[in-house]
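Peer 1: Got a predicted structure here, sequence first:
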Amino acid sequence: MATLCDLGLKYGTDKSPLFGGGDGHYYTPWYEKEFGENRKQVRRVFELGINDGASLKMWEEYFPNADIYAADIHIPGLITRGRIWSHFVDQRDASSLMELRDWLPKGFDLMIDDGSHDPEDQILTANILADRLAPGGYYVIEDVQPPTMNWLKVYDGILWPWETTIWELGPKPDDRLIVIERPL
């Protein structure tokens, strides 16, 4: 069985540190650590920020029993095939996010924000979408820029009263994740 890093390389997503000859992010090792043993039990995954769909294809192979939902502002990049469904969203617009929220089912094991990378957009998005998490599910914000510790307090004050953790994973300034875990 291929590792998630290998699948990231196979599909060409920069979530893998193997991408671009070692120029990718260190996200896939974290996801594998958190989900590897139970990846067959994962039923729903959502990712905001499709780009060319590389990570969606990676998730589809890695989570063999999961439906993969996605959203992006770039309509030509929207993908619907196999177990992947996508929807238009403007992450800066609360009404667009509410429309996306209404389209999404409840019960996500993993939700990922790899969209605009703007802290204000990430906060708005998490506030609107995080209630779609299943108990025990993770809401992950990727590409968190420094100064993380200053605005992590904003997350603690605005978001759900769920556990929020920051992970510094690699050598790049944006190799950081904010992870919100919904309690069981």
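Peer 2: Okay, I see it. Numbering: from 1, shown residues only.

Peer 1: which residues of this protein score low on pLDDT?
Peer 2: Applying pLDDT under 70 to the chain flags residues 146-161.

Peer 1: who are the neighbours in contact with the residue nearest to the spatial centre of the chain?
Peer 2: Centroid-nearest residue in the chain, with C-alpha atoms, centre = their mean: Ile112, separated by 1.3 Å. Ile112 makes contacts with Val45, Phe46, Glu47, Leu48, Gly49, Val140, Ile141, Glu142, as judged by C-beta atoms under 8 Å, 6 or more residues apart in numbering. Backbone N, C-alpha and C define where each C-beta goes, glycine included.

Peer 1: Report the two of these separated the most.
Peer 2: Distance extremes for these: the farthest pair is Val45 and Ile141 at 15.1 Å, using C-beta to C-beta.

Peer 1: Longest strand in this structure, please.
Peer 2: In the chain, taking DSSP state E as the definition, the longest strand is strand 133-141.

Peer 1: Spell out the secondary structure type for the closest residue to Thr80 other than its chain neighbours.
Peer 2: Counting by C-beta to C-beta, 6 or more residues apart in numbering, Ser86 is the residue found nearest to Thr80 once chain neighbours are left out, at 5.8 Å. Recorded secondary structure, Ser86: strand (DSSP: H, G, I helix; E, B strand; the rest coil).

Peer 1: Quick check: the gap between Ser86 and Ile79.
Peer 2: 5 Å (C-beta to C-beta, to the nearest Å).

Peer 1: of those two, who's got more company?
Peer 2: More crowded of Ser86 and Ile79, by other C-beta atoms under 10 Å: Ser86, with 20 against 16.

Peer 1: Report the separation between the more buried one and Glu168.
Peer 2: From Ser86 across to Glu168, the span is 30 Å (C-beta to C-beta).

Peer 1: about what we covered before: overlap in contacts, Ser86 and Ile79.
Peer 2: Ile50, Leu56, Ala70.

Peer 1: Mind giving me the packing neighbours of the helix or strand that contains the second one?
Peer 2: Spelled out, it's Leu56. Using DSSP states H and E, Leu56 maps to helix 54-62. Judged by 3 or more C-beta pairs under 8 Å, 6 or more residues apart in numbering; DSSP states H and E, the packing partners of helix 54-62 are helix 4-11, strand 44-48, strand 67-72, strand 84-88.
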